[in-house]
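**Q** One predicted model, sequence on top.
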There are 2 protein chains.
Amino acid sequence: MLTRYLDDCREAVQQEILRILPSDRRHTGGLYELMLDYPLRYGKMLRPALAIGVCGAFGGGLANVLPTAAALELYHNAFLIHDDVEDLSSLRRAEATLHQLHGAATAINVGDAMLAVTMEPLLDNMALIGLGRTLRILRIVARMARESAEGQMLELRWIATADWSQRDADYSRLVHKKTGWYSFLAPVMAGAAVAGLDDRAVGRIGRLFAPLGVAFQIQDDILNLAADRSGYGYSGYGKDACGDLWEGKHTLILIHTLRMADPEERRLALAILRKPHPAAAGQFAVAVERDSRSNAEVRAGAAAKTEKEIAFLRDLILRRGGVDYARRTAARYARRFQQGIRATINPLPASDHRDFLAELADFVINRQL
Amino acid sequence: MLTRYLDDCREAVQQEILRILPSDRRHTGGLYELMLDYPLRYGKMLRPALAIGVCGAFGGGLANVLPTAAALELYHNAFLIHDDVEDLSSLRRAEATLHQLHGAATAINVGDAMLAVTMEPLLDNMALIGLGRTLRILRIVARMARESAEGQMLELRWIATADWSQRDADYSRLVHKKTGWYSFLAPVMAGAAVAGLDDRAVGRIGRLFAPLGVAFQIQDDILNLAADRSGYGYSGYGKDACGDLWEGKHTLILIHTLRMADPEERRLALAILRKPHPAAAGQFAVAVERDSRSNAEVRAGAAAKTEKEIAFLRDLILRRGGVDYARRTAARYARRFQQGIRATINPLPASDHRDFLAELADFVINRQL
């Protein structure tokens, strides 16, 4: 049922993306073909579906929310393009990343162009849903873009300083900013705004979904690790398997594992995590990864992480129960969301939209994609 | 006089930038300190000055235009940060580029964050100048961001395909999109919108400044070439000297030079221009420069451009009159602008703002910065 809902949303949103991109594409160097690459690959389409689902559950019409939903999906894809460059990722949605295909210069610019073209449908909302809702949505999108960049910066800083002193609450706060805002809060708040809810009610809906954002990121971390035991390379998962370990990302899994490790394991693990990504070899890559190499030990010329070292980290995680702990924590966040959403949507008229929202918690923590 | 005007604008705009950045900077990994790096380096501040100048000349108040002017300067700096990564530049405003200092991942994200935070002052315009002007400015900024990205993409494509068949009109169209829109059209249109001009009048002001945008970019190309005979490295100019030649950029200077060159010179020059940037060595750099290396000859393993080859291109340009031709063309565009602006501002009351606009044409084609 939920899968069908996502499929329907995917079709409608992909059509809408094709509609809102500029039709005059002369003298643009093929920009719009590149811009359509990621959005037309098979993705969950979770973010626009959240906007459509909340809008529909509160009685808003599909036509009114589609441009906003499509703009949010374009925003998401712009972030993905830039993230992939920043993380040196080679796979996205089971195909080569945009910078692998066309170079980082082009990829950075395509991402910028996507951020730019999202503004026009959000301004065109004026004629569709009026001034008040249009401005409310623009405010939400501005906040979303800022929160995401702040979260991304904080994560880069943790990696750069090789700081592993985070507690669970630090992790939750990071992923709330980095993932929660643009994957959950902004879509559901925008959907609620389209449906005509006022600022207070829109804010309440956003806060309701915050725990689901944390659960979603934890499940993402688990999938990243479980994708393919062979480590670096292709997997059905569609992204670089164990990419988080290669990048030295601060997942809850690793934070807990390091907390439970004995001193010698911890020392070894930290030494590995501080080493650079293998793709960071070469002149330009030094600049890309300079932050993560500013650590004295690495600057002294330590080699990049190896397959064997990643295998050590994976085994340590399994031995110290990092994945189980993360799974339990995700389930707790999902339950908290489930209680809140039930109370909120029970009074609403029955609809596919309401059913979609009711099934979300299960989907988020059990998904394999 | 004009210099004093720019200095006054710089001070006011830098203060305004400090005011509009978020004051709650907890959990942002030092993002806002990095965001302030480029804007607080010494730059011309031409773009916000254009917004302030046009607004003032038409009777608008400084307080009403300052947030918009500051947002435009932040946009400009975000473009610079991303451009520097894309072009592998090492110098900006006479200091190391942001990606050289902090890595490309951080630089890309700081640029994204700057694009995000510009939205909030533009939405806050509501309370300052009302709905109509606020929306007009948002439309201008959306168009500007799209035109810039389209122009940038077209230029990357020309480099990628090693296509040197452009005529002067192709160059003018490119720089109108790549530079003209965000450096001239958007600032003066936004300034006119703040002053209360209607859509038609705002559009007329924009078109009036279009030729000045082309003149500006041609002068920029000339300065890039003249900066330092030693080529690659530091110069008083503040950017990588001869960076355009190292990057193989399609300047009017080179387009004309190749047109006037004899067949053998042309063949040699094209072979050099197709070689990669020396900073493009190394694994990740291959991805950055893949577009410009997709040319078969280069893919076969040709070495990067050398100092000697850049010297050959410079001598060829001098011999074939590329710089003189560009200078004459810039002067012609500047004269066209001068005639238009005179007719437009003569009826306006005398003011420092009007004087600034009257002096612009001379400044643009004679500037050394």
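**A** Cool, got the structure. Residues are numbered from 1 along each chain as shown, chains lettered A, B, ... in the order given.

**Q** From here on, just use CA atoms for contacts and neighbour counts.
**A** Noted.

**Q** Which residues are in contact with A:Ala186?
**A** By CA atoms under 8 Å, 6 or more residues apart in numbering or on different chains, the residues touching A:Ala186 are A:Ile140, A:Val141, A:Met144, A:Gly206.

**Q** Would you format those residues as CSV with distance to B:Asn366, pLDDT and neighbour count included?
**A** Compiled in CSV, the contacts of A:Ala186 are given as follows (distance: CA to CA, whole Å; pLDDT from 0 to 100; neighbours: other CA atoms under 10 Å in any protein chain shown):
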residue, distance to B:Asn366, pLDDT, neighbour count
A:Ile140, 45, 98, 21
A:Val141, 42, 97, 27
A:Met144, 43, 97, 25
A:Gly206, 54, 98, 21
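
**Q** biggest separation within those residues, which pair?
**A** A:Val141 and A:Gly206 (12.7 Å; CA to CA).

**Q** what comes up buried for stretch A:6-14?
**A** Neighbour counts over stretch A:6-14 (16 or more other CA atoms under 10 Å in any protein chain shown) mark A:Leu6, A:Asp7, A:Cys9, A:Arg10, A:Ala12, A:Val13, A:Gln14 as buried.

**Q** same check, this time on stretch A:101-115
**A** Under 16+ other CA under 10 Å, the buried positions of stretch A:101-115 are A:102-115.

**Q** Just give me the longest helix of chain A.
**A** helix A:131-160 (DSSP state H).

**Q** excluding its backbone neighbours, what's nearest A:Cys242?
**A** Leaving aside its sequence neighbours, A:Cys242 sits nearest to A:Leu225 (CA to CA, 6 or more residues apart in numbering or on different chains; 4.8 Å).

**Q** Restricted to helices, list the buried residues of stretch A:6-14.
**A** Reading helices off the buried residues of stretch A:6-14 with DSSP H, I get A:Leu6, A:Asp7, A:Cys9, A:Arg10, A:Ala12, A:Val13, A:Gln14.

**Q** Just list the residues touching the first one, thanks.
**A** Pointing back at A:Leu6 there. Per CA under 8 Å, 6+ apart, neighbours of A:Leu6: A:Lys44, A:Met45, A:Leu46, A:Ala49.

**Q** hmm, try it at 10 Å
**A** By CA atoms under 10 Å, 6 or more residues apart in numbering or on different chains, the contact list for A:Leu6 reads A:Ala12, A:Gly43, A:Lys44, A:Met45, A:Leu46, A:Arg47, A:Pro48, A:Ala49, A:Leu50, A:Gly53, A:Phe356.

**Q** Next: the third one.
**A** Neighbour list for A:Cys9: A:3, A:15, A:44-50, A:52-53, A:62, A:66, A:69-70 [criterion: CA under 10 Å, 6+ apart].

**Q** Could you do A:Phe58 as well?
**A** Here A:Phe58 is in contact with A:191-197, A:345, A:348-349, A:351, A:353-354 (CA under 10 Å, 6+ apart).

**Q** Intersect those residues with the contacts of chain B.
**A** Among the contacts of A:Phe58, proximity to chain B is found for none (CA under 10 Å from any CA of the partner chain).

**Q** Just give me the closest of the residues you listed to chain B.
**A** Using CA to the nearest CA, A:Ala193 is the member of the contacts of A:Phe58 that lies nearest chain B, at 16.7 Å.

**Q** So which residues of the stretch 51-200 of chain A form strands?
**A** Taking DSSP state E, counting those that start in this stretch to define them, one finds strands in the stretch 51-200 of chain A at A:91-92, A:95-96.

**Q** for these, which one sits closest to B:Arg336?
**A** Short answer: strand A:95-96, nearest of those by CA to CA, at 48.2 Å.

**Q** any idea of the mean pLDDT in the closest one?
**A** When pLDDT is averaged along strand A:95-96, the result is 93.

**Q** chain center to it, what's the gap?
**A** Taking CA atoms, centre = their mean, to the nearest Å, one finds the center of strand A:95-96 at 18 Å from the center of the full chain.

**Q** What are the contacting residues of that strand?
**A** A:Tyr38, A:Arg41, A:Ser89, A:Ser90, A:Leu101, A:His102, A:Tyr234, A:Gly238, A:Lys239, A:Asp240.
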